[in-house]
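> Model the following, please.
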Amino acid sequence: MATITSELGRERKQPLFARRLFLRPGEKALALKKSRRRRVFRVRHVLLLLALQAGFFLALREAYLFLITWDELAIRKVQVVCAKDNLRQTLESYFASPRLGNILLCDLDALRAQVRRLAWVKDASVQKVFPSGLRITVVERTPFALLDRDGLRLADEEGHALEPVYALEEYALPVISDETGFASGFTEKWDAASRCYRTLPPVERDRLLGILCSDFGTLELAFKDDPVRIVVSTDSPAEDLAAFRGRRAEWEGLFGPLALVNMSFDGRVYLRPAAPADDDPAQSDKGD
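Numbering: from 1, shown residues only. As a prediction, this is how the structure comes out:
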């Protein structure tokens, strides 16, 4: 007698998504079947892995030594990007000789610090251009005034000396000086003088001849084709100058030509009349 069995009686394995992820209380998890075949690493396997590792690092070392001595990676060209022609030519001639070595060993930070030591360089960036080039981008300093300190020098807005000046006629810039030759407080005095120069109206800046600093927090302004010296405070130099311009005709009508006007006092003005043409003793200062 034959027995027919259909596939309905076979036990089918449930798909993964149909299995329960959590067990009910008291229910045990199915035991995992472990592979009975054990893999054993023998001595020859360990030695082979060590040999492969040593070969990898040896090949890496040889590749590194080849790259740092390869002539194709030696720096041959240095491109300088700078708006000032003289500064660009100076840097190009300095880096003209091939002494920078391999591009992989080039220290960009040290090279950037070397470029920034130049007087006209405010900031610089250095980039590698593979396989054998460098690009140096320079931000140059802008002349702001003439600094009278141990000689006359061209200076930028920060008071950084750029180069010596031998003739005032070459520059249409005011001279910033100090009564004591900037023996002390250079930074504070320079900041006050540069702030005064920037706040003046354009017409006054064009006529300004020089600014004399002092240890008392005042600035003495001298203008072209004008013998009067105007002393203003560091807090409001433009307002003090405007007040002098507004009352100059009145004061000269009362006291005659003026030599010095001190506007730095709060609520008071000190006037010094110009010396008479016949060389009489100078008159005493007058207060208003």
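
> From now on I want contacts and neighbour counts done on CA atoms only, so please keep to that.
OK.

> Can you name every helix or strand that the helix or strand hosting S194 contacts?
Element membership of S194, judged by DSSP states H and E, is helix 186-199. Here helix 186-199 touches strand 208-213, helix 237-255, going by 3 or more Cα pairs under 8 Å, 6 or more residues apart in numbering; DSSP states H and E.

> which residues touch the last one?
By Cα atoms under 8 Å, 6 or more residues apart in numbering, the residues outside helix 237-255 that reach it are 196, 199-201, 230, 232-233, 258, 261, 263-264, 273.

> Now which of the residues you listed would you call buried?
Neighbour counting by 16 or more other Cα atoms under 10 Å classes 196, 200, 230, 232-233, 258, 261, 263-264, 273 among these as buried.

> Mind jotting down where the helices sit in the chain?
43-68, 85-94, 108-116, 186-199, 202-207, 237-255 (DSSP state H).

> I'd like these as a markdown table, with distance to R135 appended.
Compiled in a markdown table, those are given as follows (distance: least, Cα to Cα, whole Å):
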| stretch | distance to R135 |
| --- | --- |
| helix 43-68 | 20 |
| helix 85-94 | 11 |
| helix 108-116 | 11 |
| helix 186-199 | 34 |
| helix 202-207 | 39 |
| helix 237-255 | 44 |
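
> among these, which is the most enclosed?
helix 186-199 (a mean of 17; mean count of other Cα atoms under 10 Å).

> Please save the CA atoms from that helix in PDB.
Extracted C-alpha coordinates of helix 186-199, given in PDB (Å, rounded to 0.1, in the frame of the first residue of the first chain):
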ATOM      1  CA  PHE A 186      54.800 105.300  20.600                       C
ATOM      2  CA  THR A 187      51.800 103.100  20.000                       C
ATOM      3  CA  GLU A 188      49.400 105.300  21.800                       C
ATOM      4  CA  LYS A 189      50.700 108.500  20.200                       C
ATOM      5  CA  TRP A 190      50.700 107.000  16.800                       C
ATOM      6  CA  ASP A 191      47.100 105.700  17.100                       C
ATOM      7  CA  ALA A 192      45.900 109.100  18.300                       C
ATOM      8  CA  ALA A 193      47.700 110.900  15.400                       C
ATOM      9  CA  SER A 194      46.400 108.500  12.800                       C
ATOM     10  CA  ARG A 195      42.900 108.600  14.200                       C
ATOM     11  CA  CYS A 196      43.000 112.400  14.000                       C
ATOM     12  CA  TYR A 197      44.200 112.400  10.400                       C
ATOM     13  CA  ARG A 198      41.500 110.000   9.400                       C
ATOM     14  CA  THR A 199      38.700 112.000  11.000                       C
END
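
> shaky segments in the stretch 1-150 of the chain?
1-37, 98 (pLDDT under 70).

> residue contacts, L73?
67, 102-104, 130-132.

> Any of those buried? List them.
Counted by 16+ other Cα under 10 Å, the contacts of L73 give 67, 102-104, 132 as buried.

> tell me which of the residues you listed is nearest to D215?
I103 (52.7 Å; Cα to Cα).

> residues in contact with the residue nearest to the spatial centre of the chain?
Closest to where the C-alpha atoms of the chain average out (Cα atoms, centre = their mean) is D123, at 5.4 Å. Contacts for D123 (Cα under 8 Å, 6+ apart) come out as 116, 138-140.
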